[in-house]
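>>> Curious how this folds, go ahead:
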Amino acid sequence: MSIYITTPIYYPNAPPHIGHAYTTIFADVLARFSRLTGHKIFFLTGNDEHGLKLQRIFEEERIEPMKYLDEMADVYKRYWSLLDISYDYFIRTTDRYHEEVVKHCANELYKKGYIYRAKYSGWYCVSCEKFYSEREYVLKNGKPFCPIHDKPIEWIDEETYYFKLSDFREYLEDVLNNRDIVYPRSYALEVLNKIREEGLKDVSIARPRNRVWWGIPLPFDTNYTVYVWFDALLNYISGIGYLRDMARFKEYWSNVHHVIGKDILWFHTAVWFSILKALDIEPPKKLIVHAFLINRGLKIGKSSGNIITIEDLMEKYKSSDSVRYVLMRVFNLDKDVEVSTELFDSIYNSELANNYGNLVRRVGVLAIKKSKGIIYKRRIDQEIADKIESCVNKYMDYMEKYDIAQALNTAMELSREANTYINDVKPWEKAHPDKELYTLLELTRVISILLHPVIPRATAKLSELYGFKITNPRVLEIGSVERFNVIDSPILFSKIK
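All right, here's what the predicted structure looks like:
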């Protein structure tokens, strides 16, 4: 089966932080797990390179736009390489082909009568690139503030072009009610309730060029540029070949999975589903929405000033696997998670270093000492085999529900079982503990396979050092390895103070 996985595309007004990494690593874990279980994957990420927020950087710092954007694209690519993000294509909304798709779609909607010109007045957050209604913004000392960025918002009054979002109310209510697209379901109900309580108003999809010149010209009126959100959402279809390679587009779009944070839920449901319907394109197969990382009571972000940097985590934990693991271990779809370096330290030491890392080291040392690293197939006790099967089944269930944190917890449960087993059977006291060592190596193999989508480097390294293959956990055969060949006993994760 072909699966298409996307992240949001990110504003390159600063380097990525762990909020970006949180989303992107999660999408990467889904991609790696899907590849491991036999699927053909196309994984898209990239940068959103238009809009007023970036334009103001260019103006204030007197920077040539494309020079800045090229440099920032390289910055994001370096970070994603650092974190082992296995994307297939990095899209940029300044790509010529993407701009052609945006213009084509705007023209199509205009010809169909879904776009019209009228005056607009409203409160606008430049950081969100979004208009806020009275119900949405918050008041501070009598002034409207953005609820996400905690910044004053601006009043804008201008001529614009609208998209007839209101025409799609019945369609949206049907999709959100009756199609299992938005996950968890609570987010679909949130959008549905907002539509029922506030109605569905038409949305501006253009900005006057004399105010926002950094954008794609509106094809039917070049005095305007395309609104950055309308432009950005279309990356999901341009990035997979819409118009240019319709065979590939149809193959992957039928099973597209968008990964987003909850702060951009409205655009990715009410607005995006309606645009797709207007273009006669099916809605995505799945929209997976996650909650926020919180630090000092606020969503982690550049505007909040509470960023935990990727560099700090890499310096402390010494590997991409470690950073990936601690972020995924706290991953939550529907509840915000308060994080700190103390929490990450505790997870790293107790689970990666003490639990899994210690098991790997002990088993390797014993295999080399007792059997010169060569361990042939032996019968595994049924009780151990049953525990392995139970944990694998639980793990698969959690992964299919996108509950990465509990999937990791299940792998660590099995690792704790293995540590208990080694303490109980005491292979160091036996002259020929090949049966016990085979069981321990088999436990280590299975645990490593379950952890592989999250810590791919460490598990791939171990598979080479212990002589096993990383295989599909969906069809895992317990006790199938004919011979383990342990050539080293690595310290995969060193405990930190």
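
>>> Pass me the low-pLDDT residue ranges in this protein, would you?
Low-confidence segments of the chain (pLDDT under 70): 126, 129, 131, 133-135, 149, 298, 300-305.

>>> Hmm, Pro12 and Gln54 touching each other?
Wrong residue type there; residue 54 is Leu, not Gln. Yes - assessed by Cβ atoms under 8 Å, Leu54 is found in contact with Pro12 at 7.5 Å. Just so you know, the C-beta spots here come from the backbone N, C-alpha and C atoms, and that holds for glycine as well.

>>> so what's in contact with the two at the same time?
Taking Cβ atoms under 8 Å, 6 or more residues apart in numbering as the contact criterion, the common neighbours of Leu54 and Pro12 are Leu69.

>>> what sits against Ile294?
Contact analysis of Ile294 by Cβ under 8 Å, 6+ apart lists Ile300, Asp336, Val337, Glu338, Val339.

>>> Show me which of those residues is closest to Pro152.
Nearest to Pro152, judged by Cβ to Cβ, of these is Ile300 at 21.1 Å.

>>> still on that earlier bit, which of the contacts of Ile294 fall within strands?
Counting by DSSP state E, the part of the contacts of Ile294 found in strands is Val337, Glu338.

>>> need the contacts of Ile294 in JSON lines with neighbour count and distance to Thr439, can you?
Listed next are the contacts of Ile294 as JSON lines, based on neighbours: other Cβ atoms under 10 Å; distance: Cβ to Cβ, whole Å:
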{"residue": "Ile300", "neighbour count": "21", "distance to Thr439": "43"}
{"residue": "Asp336", "neighbour count": "13", "distance to Thr439": "41"}
{"residue": "Val337", "neighbour count": "18", "distance to Thr439": "36"}
{"residue": "Glu338", "neighbour count": "12", "distance to Thr439": "40"}
{"residue": "Val339", "neighbour count": "20", "distance to Thr439": "37"}
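
>>> and of the contacts of Ile294, the nearest to Asn178?
Asp336 (28.8 Å).

>>> How much space separates the closest one from Ala14?
22 Å (Cβ to Cβ, to the nearest Å).

>>> Looks to me like Gly122 is in a strand.
Yes - when DSSP: H, G, I helix; E, B strand; the rest coil is applied, Gly122 is found to be in a strand.

>>> I figured it was touching Ile156, is that so?
Yes - Gly122 is in contact with Ile156 according to Cβ under 8 Å; the separation is 6.2 Å.

>>> Please enumerate the helices of the stretch 1-150 of the chain.
For the stretch 1-150 of the chain, helices defined by DSSP state H, counting those that start in this stretch occupy the ranges 18-36, 52-61, 65-82, 96-111.

>>> Revised request: answer the last question for the stretch 351-497 of the chain.
According to DSSP H, counting those that start in this stretch, the helices that the stretch 351-497 of the chain contains are 358-371, 382-400, 404-425, 434-451, 456-466.

>>> Give the burial count for Ser390, as a bare number.
By other Cβ atoms under 10 Å, 14 other residues sit near Ser390.

>>> residues contacting it?
Ser390 neighbours (Cβ under 8 Å, 6+ apart): none.

>>> do the same with Asn358
Asn419.

>>> Quick check: the gap between it and Asp280.
Applying Cβ to Cβ, the value for Asn358 to Asp280 is 57 Å.

>>> now swap in Lys299 and tell me
The spacing between Lys299 and Asp280, counted by Cβ to Cβ, is 36 Å.

>>> cool, and Met246?
Distance from Met246 to Asp280, by Cβ to Cβ: 13 Å.

>>> Which one's more surrounded, these two?
Per other Cβ under 10 Å, whichever of Met246 and Asp280 has more neighbours is Met246, with 11 against 8.

>>> ok, and the closest non-adjacent residue to Trp428?
Leaving aside its chain neighbours, Trp428 sits nearest to Leu366 (6.3 Å; criterion: Cβ to Cβ, 6 or more residues apart in numbering).

>>> Near the one you found, how many other residues are there?
22.

>>> Would you confirm that it contacts Pro427?
Yes - applying Cβ under 8 Å as the test, Leu366 and Pro427 come out as touching, 5.4 Å apart.

>>> Give the residues shared as contacts by these two.
Pro433, Leu437, Leu440.

>>> quick one: contacts for Thr225?
So Thr225 contacts His50, Ala206, Arg207, Arg209, Val212, Trp213, Trp214, Gly215, Ile216, Pro217, Leu218 (Cβ under 8 Å, 6+ apart).

>>> Go again with 7 Å.
By Cβ atoms under 7 Å, 6 or more residues apart in numbering, the contact set of Thr225 is Ala206, Arg207, Arg209, Val212, Trp213, Gly215, Ile216, Pro217, Leu218.

>>> For Cys391, see how far away it is.
Distance, Thr225 to Cys391, by Cβ to Cβ: 54 Å.

>>> out of the helices of the stretch 351-497 of the chain, deepest packed?
helix 434-451 (a mean of 24; mean count of other Cβ atoms under 10 Å).

>>> elements contacting that helix?
On a contact count with 3 or more Cβ pairs under 7 Å, 6 or more residues apart in numbering; DSSP states H and E, helix 434-451 meets helix 358-371, strand 374-376, helix 382-400, helix 404-425, helix 456-466.

>>> before we move on, back to that, out of the contacts of Ile294, which is nearest to Thr269?
Within those, proximity to Thr269 (Cβ to Cβ) peaks at Asp336, which comes in at 19.6 Å.

>>> Next, the contact list for the closest one, please.
Here Asp336 is in contact with Ala291, Phe292, Ile294 (criterion: Cβ under 7 Å, 6+ apart).

>>> again with Val363
Applying Cβ under 7 Å, 6+ apart, the residues contacting Val363 are Leu440, Leu441, Thr444.

>>> and what of Arg96?
By Cβ under 7 Å, 6+ apart, Arg96 lies in contact with nothing.

>>> Distance of it relative to Tyr87?
20 Å.

>>> And Lys201, by the same measure?
35 Å.

>>> re the thing from before, reformat the contacts of Asp336 as CSV; add secondary structure and distance to Glu170.
Listed next are the contacts of Asp336 as CSV, based on DSSP: H, G, I helix; E, B strand; the rest coil; distance: Cβ to Cβ, whole Å:
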residue, secondary structure, distance to Glu170
Ala291, coil, 30
Phe292, coil, 32
Ile294, strand, 37
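
>>> for these, which one is nearest Val102?
The closest of the contacts of Asp336, once distances to Val102 are taken by Cβ to Cβ, is Phe292, at 29.4 Å.
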